[in-house]
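# based on what follows, work out the 3D shape:
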Amino acid sequence: MIGIYFYKYLYFPSYYAKNIYFWLLLFGVFQQSPREQIIRYNLCAEPKTLDPAKANGVPEATVTLQLFDGLTRYDANQQIQPALAESWQISDDGLTYTFKLREAKWSNGEPVKAQDFVYSWLRALAPETASEYAYQLYYIKGAEEYNSGKGKKEEVGIKALDDKTMQVVLRAPAPQFLGLTATRPFTLSTGKL
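Next up, the predicted model:
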């Protein structure tokens, strides 16, 4: 609206400016909708990366959280809902989370497996990735040590029990952990570690 107001007084005679709202409304409302569905985001800047492990700004977050799923997601009321996890169990001591994955496929048709999450999370923690948000994974046993180069990836409390089951062991109870699995760097990414 600011742009139209600006143009009204500088470039258009007032009788054109008064009618521009009518024409914009008319052509915007009565256009045939295209067959393909397009979502347009007005970002403040171009994303510097689409890698969820390396994304560190608002433009990157806006795009990567639309492209990549995590185990959970937030609904419109900010309640945790299943995303790629169809269910989960939390041990009585609050240290062990076991996620059962739903049937899902990558864009190439291959099934999403628990090992894909293990890879993604370990990649975000890998010192060579230099993820600015790796600290969000520090709730996981051995994660901080691995990220700082003082531990091994085999000591991180993340493992695939089978193709559809993933287990995460925390270093201390963290009630907010389930919500974190809806954010970066807890989303899936592809490649080899």
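# so what touches whichever strand or helix holds Y97?
In this assignment (DSSP states H and E), Y97 forms part of strand 96-101. For strand 96-101, the external contacting residues (CB atoms under 8 Å, 6 or more residues apart in numbering) are 71, 84-91, 112-114, 117, 161, 163-170, 177-178, 181. C-betas here are computed from N, CA, C, even on glycine.
# which helices and strands does the next helix or strand after that strand pack with?
For strand 96-101, the following helix or strand on the C-terminal side (DSSP H and E) is helix 114-125. Identification of packing neighbours for helix 114-125 by 3 or more CB pairs under 8 Å, 6 or more residues apart in numbering; DSSP states H and E yields strand 96-101, helix 143-147, strand 158-162, strand 165-169.
# need the ones you listed in JSON lines with mean pLDDT, distance to S131 and mean neighbour count, can you?
As requested, these are arranged in JSON lines below (pLDDT from 0 to 100; distance: least, CB to CB, whole Å; neighbours: other CB atoms under 10 Å):
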{"stretch": "strand 96-101", "mean pLDDT": "98", "distance to S131": "21", "mean neighbour count": "20"}
{"stretch": "helix 143-147", "mean pLDDT": "97", "distance to S131": "8", "mean neighbour count": "21"}
{"stretch": "strand 158-162", "mean pLDDT": "98", "distance to S131": "15", "mean neighbour count": "15"}
{"stretch": "strand 165-169", "mean pLDDT": "98", "distance to S131": "17", "mean neighbour count": "20"}
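# what strands flank the strand holding Y97, and is each parallel or antiparallel?
strand 85-90 (antiparallel), strand 165-169 (antiparallel) (DSSP bridges).
# TSV for those, including distance to A134?
Supplementary listing: the strands paired with strand 96-101 in TSV, determined by distance: least, CB to CB, whole Å:
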stretch	distance to A134
strand 85-90	21
strand 165-169	15
